[in-house]
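1. Sharing a sequence plus its predicted fold:
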Amino acid sequence: MASAFESKDIVTKISASQAYQAFLQADKQLEAILTNLPNWLKADGPSTGMPDSIEPNILRSTFLISLQHKILSIHRPFLSKPSRGESNPRFSF
């Protein structure tokens, strides 16, 4: 995905735009999942409604770490740029 954003080819610009739209959609879906979690799955939430056979803290931690990893993974192509300062002096350090 990162190479689609770096090319100056007109065909690639279309696919870069499509890739960015897919990224935005995936980000929106993951944020909706995070926002609409049942109370028992939220950090420090009550255990009411949670399956009996599962340790609440382990389930919550595993789920939240997994979801945060997915969010980070879809943002990775945008975080991997070394610096924006080379192309735009406004972002130089």
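-> Now that the structure is in, tell me what you want to look at. Residues are numbered from 1 along each chain as shown.

2. and after the helix or strand that contains Q18, which helix or strand comes next?
-> Assigned by DSSP states H and E, Q18 belongs to helix 10-35. Once the chain leaves helix 10-35, the next helix or strand it forms, by DSSP H and E, is helix 56-79.

3. related to what we said a few turns ago, which elements pack onto the helix holding Q18?
-> For helix 10-35, the packing partners by 3 or more CB pairs under 8 Å, 6 or more residues apart in numbering; DSSP states H and E come out as helix 2-6, helix 56-79. C-beta here means a position set from N, CA and C on the backbone, and glycine is covered the same way.

4. What residues of it count as buried?
-> For helix 10-35, burial by neighbour count (16 or more other CB atoms under 10 Å) applies to 16, 19, 30.

5. so can I have TSV of those showing distance to H69 and pLDDT?
-> Formatted as TSV, those follow (distance: CB to CB, whole Å; pLDDT from 0 to 100):
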residue	distance to H69	pLDDT
A16	25	71
A19	20	79
L30	10	89
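
6. need these in JSON lines with distance to L59, can you?
-> JSON lines is the format used below for the buried residues of helix 10-35 (distance: CB to CB, whole Å):
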{"residue": "A16", "distance to L59": "39"}
{"residue": "A19", "distance to L59": "34"}
{"residue": "L30", "distance to L59": "19"}
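
7. what ranges of the chain fall below the confidence cut-off?
-> When residues are selected by pLDDT under 70, those of the chain lie in 1-14, 80-93.

8. L64 reaches A43, doesn't it?
-> Yes. Here L64 reaches A43: they are 6.3 Å apart, a contact under CB atoms under 8 Å.

9. more crowded one of those two?
-> Of the pair L64 and A43, L64 is the one with more neighbours under other CB atoms under 10 Å, namely 15 against 10.

10. Ignoring the adjacent residues along the chain, who's closest to I74?
-> Distance criterion CB to CB, 6 or more residues apart in numbering; nearest residue to I74, sequence neighbours excluded, is A26 at 5.2 Å.
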